[in-house]
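> I'd like to go over a predicted model; first the sequence, then the structure.
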Amino acid sequence: MRSDKIKKGLERVPHRALLHATGLGRKDLNRPFIGVATSFTDLIPGHIGMRDLERFIERGICYGGGVPFFFGIPGICDGIAMGHLGMCYPLALRELVADSVETVCNAHSLDGLVCLTNCDKITPGMLMATARLNIPTIIVTAGPMLSGRYRQRKLAFVHDSYEAMARAKKGEISAKELSCLEMEACPGAGSCQGLYTANTMACLTETMGMSLPGCATALAVSAKKRRIAQASGERIVELVKKNITPLDIINKKSLENAITVDMALGGSSNTVLHLMSIAHEAGIEISLKTFDNIGKKTPHITNLEPAGPYFMEDLEYAGGIPAVLKRLKAKLNNTLNLSGDKTFDIAKNAEIFDEEIIRPFNRAYHKQGGIAVLFGNLAPSGAVVKQSGVNPKMMKFSGRARVFNREEEAMQAIMNKKVKKGDCLVIRYEGPAGGPGMREMLAPTAAIVGMGLTESVALITDGRFSGGTKGPCIGHISPEASAKGPIAVLKEGDIINIDIPNRKLEVKLTASEIAKRFNSWKPVAQKIKRGYLARYSRLVSSADKGAVLK
């Protein structure tokens, strides 16, 4: 076993002494050492239920004949970090998560690993680490939150907090109703109820085969989730004994399956960054064009929050990811799941319980997948839009540039009703290096929705968007402003043309005019000059490469 490095031989007497100090007996030294990387924290709703799941994972590992060792991984709630300096940290956290898991596992020569995770950047960080380490690993995502309730109406976090804030500003809802929505939108443990980044990544993790079938949509409060946690604990010991590693599971075909399911679900645009970063760690080549090519031939067959009326709980009761695989079987590769089953077997044994939640191809919500990749003189290296959340009237748009160098400036203009019909908001210097950390623009996009401007105003940025974003919002513009991308020299009143069907993002300027503007261009000074974010800014790649550290 890998752990023999720290427990076998005369020269390991001191090591064994320290292990015995933790409470281990002599028999334990003959069993596989299984690390459990847990991102439990009281700060994140998606993680507050993990103490319970830890017990069941521990039980499973012990039943399987392994020795569990728990260690903590940092977590950030993107929603709480949103709209202030805190939002510079979540994407940067992804790298810390990967590095932390690698560090603990290698320092202690662990034989196997269970990653207990849930929210936006933590799950991809865990997956990056598993690909890098390539020791037997299984992922347990802690599950979605139940919908809230207000006067018999189902509530979702983004619609009933961020968008409600703007509706209150317009006078459409009372202070009393806003207060009730604030209290009831998030009723308890779990990742936010829609197909935002956390839940999308959970679905793609299961699709890739890195978590047990049914894990992604099993609700945070359910006994089913406990059973999956225990089964995962038992299964990891088997994986160690059989030496089945992440790179037996994560390959180009399984990543293509993940992209296909992502497109069919209409998932978060952040998954583009995360799947590319996982592929990078696994030594697999995928590009923005990979996403667009798969998207063009994959119909969008579910319509979950924020773009549609359904919730993760609805997807769970419709059959979950196994049912989605059943629907998409003809478009998938027959890859291996850590359970030992293959994709086609999982699909064959699944049942679709609701044909409206998981529609057949001939009744798809859209003929193409949820995400589109745009190119043009504003995005020479690409830009990303969640087209499933765009009103058909706004799939093509031409508007006047309203230029802001920070998210807060744009938010102030929206809330003060200074944004008018026909405007195209430009928020720049928010990319991976320039932000730093590529902040999510959920607050301004939700405010645009709440102010009733989704059919008349667009937003483009070198930052990114929350999985909760809907509307004509284009992010990941590469190169970013701080890297001398064309977005850096846009001026108030420039005409910006968006053509999603034809994959175009352009400003009405000639190449010579853009070059002339750069002659007098000076980049905005780096916003953060000390600490982790300053180091991150110097090392991070652009969004079109997955924002990985060089």
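Cool, got the structure.
> For this protein, which segments are assigned as strands?
With DSSP state E as the criterion, the chain has strands at 33-38, 67-72, 112-117, 137-141, 148-150, 153-155, 371-376, 379-386, 396-404, 423-427, 458-461, 473-478, 495-499, 504-507.
> who's in contact with Arg12?
Counting by CB atoms under 8 Å, 6 or more residues apart in numbering, Arg12 touches Ile6. Every residue, glycine included, has its C-beta placed from N, CA and C.
> 860 is where my numbering starts, stick with that
In the new count, where the first residue is 860, that last one comes out as Arg871.
> distance of it from Asn1378?
Distance, Arg871 to Asn1378, using CB to CB, to the nearest Å: 65 Å.
> before we move on, what about Ile1273?
Here Ile1273 is placed at a distance of 33 Å from Asn1378 (CB to CB).
> When the two are compared, which one has more neighbours?
Neighbour count, other CB atoms under 10 Å: between Ile1273 and Asn1378, Ile1273 has more, with 25 against 7.
> Test my guess that that one contacts Val1308.
No. Using CB atoms under 8 Å as the test, Ile1273 is too far from Val1308 to be in contact (10.4 Å).
> Please enumerate the shared neighbours of these two.
Contacts common to Ile1273 and Val1308, judged by CB under 8 Å, 6+ apart, are Ala1025.
> Looking at the strands of the chain, spot the one closest to Gly908.
Taking CB to CB, strand 971-976 is the member of these nearest to Gly908, at 10.3 Å.
> Which neighbouring elements make contact with that closest one?
Counting by 3 or more CB pairs under 8 Å, 6 or more residues apart in numbering; DSSP states H and E, the packing neighbours recorded for strand 971-976 are strand 892-897, helix 909-923, helix 949-966, helix 981-992, strand 996-1000, helix 1082-1101.
> Show me which residues of it are buried.
Of the residues in strand 971-976, 971-976 count as buried by neighbour count, 16 or more other CB atoms under 10 Å.
> Stretch 1212-1230 now?
1216-1218, 1223-1225, 1227-1230.
> could I get those residues as CSV with pLDDT and distance to Pro927?
Formatted as CSV, these follow (pLDDT from 0 to 100; distance: CB to CB, whole Å):
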residue, pLDDT, distance to Pro927
Ile1216, 97, 37
Ile1217, 98, 36
Arg1218, 98, 42
Ala1223, 97, 44
Tyr1224, 95, 43
His1225, 95, 45
Gln1227, 96, 45
Gly1228, 96, 39
Gly1229, 93, 38
Ile1230, 94, 38
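> picking that back up, compare the helices and strands packed on strand 971-976 and give me the one nearest Ala1075.
Nearest to Ala1075, of all the helices and strands packed on strand 971-976, is strand 996-1000, at 6.1 Å by CB to CB.
> and that closest one, what does it pack onto?
On a contact count with 3+ CB pairs under 8 Å, 6+ apart, strand 996-1000 meets strand 971-976, helix 981-992, helix 1056-1067, helix 1082-1101.
> do you know which of the ones you listed lies nearest Ile865?
Closest to Ile865 of the helices and strands packed on strand 996-1000, according to CB to CB: strand 971-976, at 14.5 Å.
> Export only the CA atoms of the closest one, formatted as CSV.
Written as CSV, here are the backbone C-alpha positions of strand 971-976 (Å, rounded to 0.1, in the frame of the first residue of the first chain):
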residue,chain,number,x,y,z
GLY,A,971,-7.2,6.7,-1.0
LEU,A,972,-9.4,9.7,-0.7
VAL,A,973,-13.0,10.7,-0.2
CYS,A,974,-13.7,14.4,-1.1
LEU,A,975,-16.8,15.8,0.7
THR,A,976,-17.6,19.0,-1.1
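> And it, how far out from the chain middle?
18 Å (CA atoms, centre = their mean, to the nearest Å).
> Among the strands of the chain, show me which one is buried the most.
Most buried of these, by mean neighbour count (mean count of other CB atoms under 10 Å): strand 996-1000, with a mean of 31.
> Pairing partners for that strand, with directions?
Applying DSSP bridges, strand 996-1000 is found paired with strand 971-976 (parallel).
> angle of the partner strand against strand 926-931?
40 degrees (axes from the mean of the first three to the mean of the last three CA atoms, to 10 degrees).
> List the contacts of strand 971-976.
By CB under 8 Å, 6+ apart, strand 971-976 touches 891-899, 909, 912-913, 916, 920, 925, 932, 960, 964, 982, 985-986, 988-989, 992, 994-1001, 1088, 1091-1092, 1095-1096, 1098-1099.
> From Arg1389, how far off is the closest residue to Phe1324 other than its chain neighbours?
Distances taken as CB to CB, 6 or more residues apart in numbering put Gly1334 closest to Phe1324, at 4.9 Å, once the chain neighbours are dropped. Remark: distance between Gly1334 and Arg1389 (CB to CB) = 27 Å.
> and stretch 1023-1031, how far out from the chain's middle?
Using CA atoms, centre = their mean, the mean C-alpha position of stretch 1023-1031 is found 28 Å from that of the whole chain.
> what about it, average pLDDT?
Across stretch 1023-1031, pLDDT averages out at 84.
> Show me which residues of that stretch are buried.
1023-1028.
> Take the residues you listed and keep only those in helices.
1023-1028 (DSSP state H).
> My read is that Gln1385 contacts Ser1396, right?
Yes. Counting by CB under 8 Å, Gln1385 touches Ser1396, with 6.4 Å between them.
> what do those two both touch?
Between them, Gln1385 and Ser1396 share these contacting residues under CB under 8 Å, 6+ apart: Pro1295.
> neighbour count winner among these two?
More neighbours surround Ser1396 than the other of Gln1385 and Ser1396, with 22 against 15 (other CB under 10 Å).
> how much space between the nearest residue to that one once chain neighbours are set aside and Val1383?
Once flanking residues are discounted, Ser1396 sits nearest to Pro1295: 3.9 Å by CB to CB, 6+ apart. Distance of Pro1295 to Val1383, given as CB to CB: 12 Å.
> cool, and Asp1107?
46 Å.
> So between these two, which is more surrounded?
Taking neighbours as other CB under 10 Å, Asp1107 and Val1383 compare with Asp1107 leading, 17 against 13.
> where does the closest residue to that one other than its chain neighbours land on pLDDT?
Nearest non-adjacent residue to Asp1107, counting by CB to CB, 6+ apart: Leu1195, 6.7 Å away. Among the per-residue scores, Leu1195 shows a pLDDT of 97.
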